[in-house]
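Enquirer: mind folding the following:
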Amino acid sequence: MNKYILLVICIILLNGCSFQKNSKFWTTSKNIPEEKKQNFQKILIKEKTLTNELNPSLKIKLDDKINNDSLLLRNYSNNDGRLDYNGVLKKSSRYKFKKIKNFHQFEPVISFNKKNIIFFDDKGSILKFNDNSKLIWKKNYYSKSEKKLKPILQFANDNKILIVADNIAKFYALNLTNGNLLWSKNNLAPFNSQIKIYKNKFFIIDFSNTLRCFSIKDGKELWSLSTEKSLVRSQKKLSMVIVNDKILFNNSIGDISAVDINKGDLLWQLPTQSNLIYQSAFSLETSDIIADTNTIYFSNNKNQIFSIDLSTGSFNWENKVNSNIRPSIVDNFLITVSLEGYLIVIEKNTGNIIRVTDIFKDFKKKKRNEIKPVGFVIGLKNIYLSTDNGRLIVVDILSGKTISILKVDNEKISRPFILDKNLFVIKDDAIIKLR
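Expert: This next block holds a predicted model:
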């Protein structure tokens with residue numbers, strides 16, 4: 001009996017929910033109306049970069065003071081400042097070596113020892129040249145299988161010992177006079193940073209974002225400090241500075257860490273990339289850190305430039321400058337060049353941009369978009385900027401205007417180096433010295 005009652009109820013319900021057009025249960029298909037648009041805040045917003053000049057007629061007059069610090073002291077701060085160079089850029093000599101494959105992907109540097117220069121070739125041979133481009137010695141401490149990997153070497157020396165580290169996880173020390181091997185070791189991960197020597201220790205960062213402290217005497221690890229790892233290996237070299245018994249360094253995701261140089265204790269750590277844009281940090285390229293008394297400065301390719309108090313790890317200021325190349329401090333000015341080819345002068349204490357001049361304006365519009373600055377140095381009257389299409393651009397400091405463009409090569413050249421009133425740039429198969 002209950003079954004019949006249930007059947008009757010179902011028939012009534014189905015009739016009420018019929019297939020007729022006026023039915024509210026089933027009907028012909030209709031487009032679902034869009035809800036009213038809501039205001040959503042974008043998390044990833046591409047900041048506008050500087051693409052216009054600012055106060056281009058403003059004259060910037062620098063003090064006559066020249067940076068006479070030793071190479072070791074300049075290496076501690078990464079700040080070259082204003083150097084004693086006013087050459088006419090005539091090629092004086094070449095230091096030739098076997099061509100380095102994929103040179104454009106790396107940031108090799110010259111190691112200077114008095115008037116001698118030290119570099120490497122495509123198979124990891126270390127070369128020491130004298131001032132007249134004559135080879136003093138050539139040494140190679142790689143096996144046949146290691147040579148096939150085309151190691152890229154980084155150097156540091158204290159005028160007695162040359163420390164070498166590479167991108168295949170090997171590090172070793174040579175007698176700087178004769179090139180003989182003192183010791184050799186292997187790390188768990190390849191290296192990708194500057195090397196800093198301080199007293200009887202040296203410091204380097206590997207691809208795991210770990211700062212390692214080793215003994216110069218035997219290569220023994222004295223301490224290490226690990227920071228957060230990145231999922232992507234960047235070819236952009238990491239940097240560090242040494243100030244007041246602290247070593248400050250960056251990692252590949254934009255964190256800045258301050259460490260007690262003797263004990264390896266973390267003093268503070270400052271993230272510079274928000275968690276909201278963490279994924280974009282995979283493509284982050286940061287300039288070298290430079291130090292000035294109690295402050296460090298650096299910029300990145302995310303349109304940020306920072307001033308940070310090195311004692312507390314707090315921001316002094318932040319501004320919008322898109323650059324991954326090393327800035328420089330002269331007097332009260334912080335000077336840099338953006339990836340778009342603008343020379344930018346900033347008041348270092350306030351962060352105010354006081355002048356922007358377009359130093360790429362002589363390049364055709366289509367071509368300039370493909371050209372990137374590599375690095376610069378500041379001489380007595382001019383700034384010397386290298387590019388990844390083999391040009392050396394000479395810019396007047398006072399006016400910020402481009403004076404001349406010298407063609408050094410058709411491909412990337414390194415940032416310029418100045419020593420003993422000579423300017424050096426590296427190309428894939430030679431070092432070129434200009435007077």
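
Enquirer: so where's the stretch 1-150 of the chain shaky on pLDDT?
Expert: Under the criterion pLDDT under 70, the flagged ranges of the stretch 1-150 of the chain are 1-47.

Enquirer: what segments of it are strands?
Expert: Secondary structure of the stretch 1-150 of the chain (DSSP state E, counting those that start in this stretch): strands located at 91-96, 111-113, 116-120, 126-129, 135-139.

Enquirer: now those in JSON lines, please, with extra columns for distance to Asn200 and mean neighbour count.
Expert: C-beta here means a position set from N, CA and C on the backbone, and glycine is covered the same way. As requested, the strands of the stretch 1-150 of the chain are exported to JSON lines (distance: least, C-beta to C-beta, whole Å; neighbours: other C-beta atoms under 10 Å):
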{"stretch": "strand 91-96", "distance to Asn200": "31", "mean neighbour count": "15"}
{"stretch": "strand 111-113", "distance to Asn200": "19", "mean neighbour count": "20"}
{"stretch": "strand 116-120", "distance to Asn200": "21", "mean neighbour count": "21"}
{"stretch": "strand 126-129", "distance to Asn200": "22", "mean neighbour count": "22"}
{"stretch": "strand 135-139", "distance to Asn200": "23", "mean neighbour count": "15"}
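
Enquirer: and of those, who's closest to Ser215?
Expert: Across the strands of the stretch 1-150 of the chain, the minimum distance to Ser215, taken as C-beta to C-beta, is reached by strand 111-113, at 19.8 Å.

Enquirer: helices or strands next to that closest one in the packing?
Expert: The criterion is 3 or more C-beta pairs under 8 Å, 6 or more residues apart in numbering; DSSP states H and E, and the helices and strands that strand 111-113 contacts are strand 116-120, strand 153-157.

Enquirer: in TSV: the ones you listed, plus distance to Thr51.
Expert: As requested, those are exported to TSV (distance: least, C-beta to C-beta, whole Å):
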stretch	distance to Thr51
strand 116-120	37
strand 153-157	35
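
Enquirer: of those, which approaches Asp265 most closely?
Expert: With C-beta to C-beta as the yardstick, what comes closest out of the helices and strands packed on strand 111-113 is strand 153-157 (23.3 Å).

Enquirer: how far does that closest one sit from the chain's center?
Expert: Its chain's C-alpha centre lies 17 Å from the corresponding centre of strand 153-157 when counted by C-alpha atoms, centre = their mean, to the nearest Å.

Enquirer: what does the average pLDDT come to for it?
Expert: In this model, strand 153-157 carries a mean pLDDT of 97.

Enquirer: buried stuff in the next helix or strand after that strand?
Expert: Past strand 153-157, further along toward the C-terminus, the next helix or strand under DSSP states H and E is strand 161-166. Taking 16 or more other C-beta atoms under 10 Å as the neighbour-count basis, strand 161-166 is seen to contain the buried residues 161-166.

Enquirer: direction included, what does strand 161-166 pair up with?
Expert: Using DSSP bridges, the neighbouring strands of strand 161-166 in the sheet come out as strand 153-157 (antiparallel), strand 170-175 (antiparallel).

Enquirer: which one of the ones you listed is the most hemmed in?
Expert: For these, ranked by mean neighbour count under the definition mean count of other C-beta atoms under 10 Å, the leader is strand 153-157 at a mean of 22.

Enquirer: that strand vs strand 116-120, what angle?
Expert: Strand 153-157 runs at 150 degrees relative to strand 116-120, counting by axes from the mean of the first three to the mean of the last three C-alpha atoms, to 10 degrees.

Enquirer: okay then, goodbye and thanks.
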